[in-house]
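Peer 1: After the sequence you'll find the predicted model.
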Amino acid sequence: MGIDTTRDTTHRMDLLRFATAGSVDDGKSTLIGRLLLDSKAIFEDQLEAVEATSQSKGYDYTDLALLTDGLRSEREQGITIDVAYRYFATPNRKFIIADTPGHVQYTRNMVTGASTADLGLVLVDARQGLTEQSRRHAVILSLLRVPHLVLAVNKMDLVDFDQKVYDEIYREFTQFATKLNVPDLEVIPISALSGDNVVNRSENMPWYSGPTLMHHLEHVHVASDRDLIDARFPVQYVIRPKSDEFHDFRGYAGQVAGGVLKPGDEVVVLPSGMTSKISKIELFDQEVAEAFPPMSVTVHLEDDVDVSRGDMIARVKNAPTPSQDIDAMVCWMTTAPLQPRQKLAIKHTTRNGRALVKDIQYRLDVNTLHRDQETKELGVNEIGRVTLRTTVPLLVDPYSKNRTTGSFILIDEATGITVGAGMING
Amino acid sequence: MTQTRTDYRLSQLDQLEAESIHIFREVAAEFEKPVLMFSGGKDSIVMLRLAEKAFYPAKIPFSILQVDTGLDFPEVMETRDRWVSRLGVNLVVASIDDAIKNGIIPDAAKISRNRLQIPTLLNAIEENGFTAAFGGGRRDEEKARAKERVYSHRDEFGQWDPKMQRPELWSLYNGRLHEGEHMRIFPISNWTELDVWDYIGREGIEIPNIYFSHQRRVFERDGMLMSETPLNPIREGEVVEERTVRFRTCGDITLTGCVESTASTIAEIIDEVAIARKTERGATRGDDRFSEAAMEDRKKEGYF
Ligand SMILES: Nc1nc2c(ncn2[C@@H]2O[C@H](COP(=O)(O)OP(=O)(O)O)[C@@H](O)[C@H]2O)c(=O)[nH]1
Ligand SMILES: [Mg+2]
């Protein structure tokens, strides 16, 4: 019996989080089932259960969608209604899939899944081509600043693997995407059911020379998507051991949200504006030379300045401006509409406060990108540009620069439910 | 000083660790009285390790809670005690036997002992006023868990409502509660079984030795290999024999099966897990096998 510390199976493996979106029946669940199956993330007992269910329902084939449709109500209705997280790995990468429902009444679930994604995967049915839904999915992914986008043209088997169908969808989509913020786009013709271009290159589509879906997922470069310039360290927790051995220990614990922190850096603590220098950075019982996103570390300062949870440590010459007036795109997530003068709780990084809705500037039609300035409220699953006044200054960056310091959630003070998600403009 | 990285990349295991530590610190900062639910298994030991790292050099700022089923493996209890004394953390034990004695569970005789964990746990949470309870659940374990949030809200009855889950975006967790409610927190939601093993290997931490290959007297029941123990009398037709086995999960000794294995190091276990053809629960947990929705039902009632 023993511990083998020399082994290195997942130590250097990196991570890709991706969100999937597609309309009902485009084949999203089937595709995920296929990715899991072909990467051997599916176990015998899971597959057997699914085969048995498929048979008892009288299907001619194994319904791979059953592998992922988790909750009983979903299995009964045969649809995906909530975000589900799936995991698989290849030798070089681990993948976390946020499987989100595509229907308009589930926009909030899609926003949720996209919030942490490095890559968005939008499915279209080759027979139908681009629909209003697929456009909406691309819009949401771009609003959430998901840096990589894949359009998977599915069910190519049902259009005789015809290149013309693919070309038309490709042309139409790239044209539409110019209106969006899509830094990286790949359009891949697949058949989720038979596996063409999912993991294995399709022999049915010799005209396609791009990567298979799996190859792309494995190789897309995500390390440079982070902001490594603007140092941001929201203080989460102050560690004071109050023990004899660590009598004077005072460490500021948190997760680096941006930039690179090093001992010796001149820093400012916001919102107080006090300045000091980083004396050391620790990760558990080790000192580290640098800390960068998304490391969770403990920072020590040279001076005994007053720092508490909710404060932000940044560089003296590169710090966010504390602000109580917030201009943001908000996705509204509850049935009672968002209206001017409404008061809500707000959480931004580790800072909590209250917010007053000053104005709803417009509602964004996520299908057409039209800005509706007439509507003065936001209904459930609607997205709009909102101005807020907060009780405490928030230490914000534009969401386009930093997805951590540029985002917030809104909470209904009576029910305690998360009712809105905000992305700061600027 | 260690590890200057010029590429500013974190391995996936380091990313998972950083995320989990972030969650522990959020909860410690925002909840009045958190507690860590300790089952004795590898997942809860990984949680303890992460909590240790999150607050070092301070002690873990909350208690740990264990439901004593009276059917736990003695090896698991020994490991627990060593962790508790090394970390100097406060241990709260909620015993099913006491809960029955004190009349907290009516009709105890009619319910399987495994199910009695639920009211015992809920009672301990209520009695101690715990507002947040860390659990070692992972989303890769089971379909119903795949949809559960990191912060999973429980009503006054300790129940989970899968249709009323709060949206959870970015790393912004919403810990708002009403009187009498509590939150289940799953800091290792995004870890897979393999990640857990890799981490145990990398950190060199102690887990119960029943995870490693050993000789044990076992018998077959419902396609699983069960331990011979007076707590679980053998039935007609069942034959006890000694085999070389190990456990993939540590649950109730009467329901947790073992697998034949010669894996005696973490590396060998990892190899075995990597090629295993059955999920850890499907293979060896009698409590999850009863119906396709077994886990979902138990979760709704307030199971871990
Ligand atoms: N012929 C064909 N059928 C497919 C393909 N992908 C999915 N389907 C079928 O389309 C239907 C809907 O698939 P499903 O995965 O449930 O779609 P979802 O609603 O997007 O999750 C099912 O009957 C699938 O078997 C494909 O590539 N080719
Ligand atoms: Mg589906």
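Peer 2: All right, it came through fine. Residues are numbered from 1 along each chain as shown, chains lettered A, B, ... in the order given. Ligands and ions are numbered 1, 2, ... in the order given.

Peer 1: Can you give me the neighbour number for residue 123?
Peer 2: By default, I'm working from chain A. By the criterion of other C-beta atoms under 10 Å in any protein chain shown, A:L123 has 26 neighbours. Quick note: C-beta positions are derived from backbone N, CA and C, even for glycine.

Peer 1: Correction: the question concerned chain B.
Peer 2: Using other C-beta under 10 Å, B:N123 has 17 neighbouring residues.

Peer 1: Repeat that for the one 5 residues further on.
Peer 2: B:N128: 15 surrounding residues under other C-beta under 10 Å.

Peer 1: which residue ranges form the strands in chain B?
Peer 2: B:34-37, B:63-68, B:91-95, B:132-134, B:151-154, B:182-185, B:214-221, B:224-227, B:241-247, B:258-260 (DSSP state E).

Peer 1: outside of the third one, which residues touch it?
Peer 2: Strand B:91-95 is contacted by residues B:35, B:38, B:63-68, B:70, B:80, B:84, B:120-121, B:123-124, B:128 when judged by C-beta atoms under 8 Å, 6 or more residues apart in numbering or on different chains.

Peer 1: One more: the fifth one?
Peer 2: For strand B:151-154, contacts defined as C-beta under 8 Å, 6+ apart pick out B:160-161, B:164-166, B:168, B:173-175, B:177, B:181-186, B:302.

Peer 1: got the domain boundaries for chain B?
Peer 2: B:12-195+B:294-301, B:209-287 (automatic domain parsing).

Peer 1: Would you mind finding the most buried of those domains?
Peer 2: Comparing these by mean neighbour count (mean count of other C-beta atoms under 10 Å in any protein chain shown), domain B:12-195+B:294-301 ranks first with a mean of 20.

Peer 1: Are that one and ligand 2 in contact anywhere?
Peer 2: No: figure legend: domain B:12-195+B:294-301 not in contact with ligand 2 (C-beta under 5 Å from the ion); closest approach 12.8 Å.

Peer 1: Mean confidence (pLDDT) on that domain, please.
Peer 2: What domain B:12-195+B:294-301 shows for mean pLDDT is 89.

Peer 1: just stretch A:236-251 next, same as before
Peer 2: Mean predicted lDDT for stretch A:236-251 stands at 91.

Peer 1: end to end, how far does it reach?
Peer 2: Start and end residues of stretch A:236-251 are separated by 11 Å (C-alpha to C-alpha, to the nearest Å).

Peer 1: what comes up buried for it?
Peer 2: A:236-239, A:241, A:249, A:251 (16 or more other C-beta atoms under 10 Å in any protein chain shown).

Peer 1: What of stretch A:397-412?
Peer 2: Neighbour counts over stretch A:397-412 (16+ other C-beta under 10 Å) mark A:397-399, A:401-412 as buried.

Peer 1: Check whether that stretch comes into contact with chain B.
Peer 2: Yes: judged by C-beta under 8 Å from any C-beta of the partner chain, stretch A:397-412 comes into contact with chain B at A:403-404, A:407-409, A:411.

Peer 1: hmm, which two among those residues are most spread apart?
Peer 2: Greatest spacing in the residues of stretch A:397-412 next to chain B, by C-beta to C-beta: A:R403 and A:I411 (19.5 Å).

Peer 1: And the pLDDT at B:G257?
Peer 2: At B:G257, pLDDT is 91.

Peer 1: now do A:H11
Peer 2: Reading off the model, A:H11 has pLDDT 57.

Peer 1: Please apply the same query to A:D8.
Peer 2: On the pLDDT scale, A:D8 is placed at 44.

Peer 1: ditto for the one 10 residues further on
Peer 2: According to the model's per-residue confidence, A:F18 sits at a pLDDT of 96.

Peer 1: shouldn't it be in contact with A:F95?
Peer 2: Yes: using C-beta atoms under 8 Å, A:F18 is in contact with A:F95, at 6.8 Å.

Peer 1: Quick check: nearest residue in space to the residue positioned nearest the centre of chain B, chain neighbours excluded?
Peer 2: Nearest to the geometric centre of chain B sits B:G136, at 4.3 Å (C-alpha atoms, centre = their mean). Distance criterion C-beta to C-beta, 6 or more residues apart in numbering or on different chains; nearest residue to B:G136, sequence neighbours excluded, is B:D43 at 3.2 Å.

Peer 1: nearest to A:M214, of the contacts of strand B:91-95?
Peer 2: B:F38 (38.8 Å).

Peer 1: show me the contacts for that closest one.
Peer 2: B:F38 neighbours (C-beta under 8 Å, 6+ apart): B:44, B:47-48, B:64-66, B:80, B:91.

Peer 1: mind redoing it with 10 Å?
Peer 2: Contacts for B:F38 (C-beta atoms under 10 Å, 6 or more residues apart in numbering or on different chains) come out as B:44-45, B:47-48, B:63-67, B:76, B:80, B:83-84, B:89, B:91-93, B:134-136.
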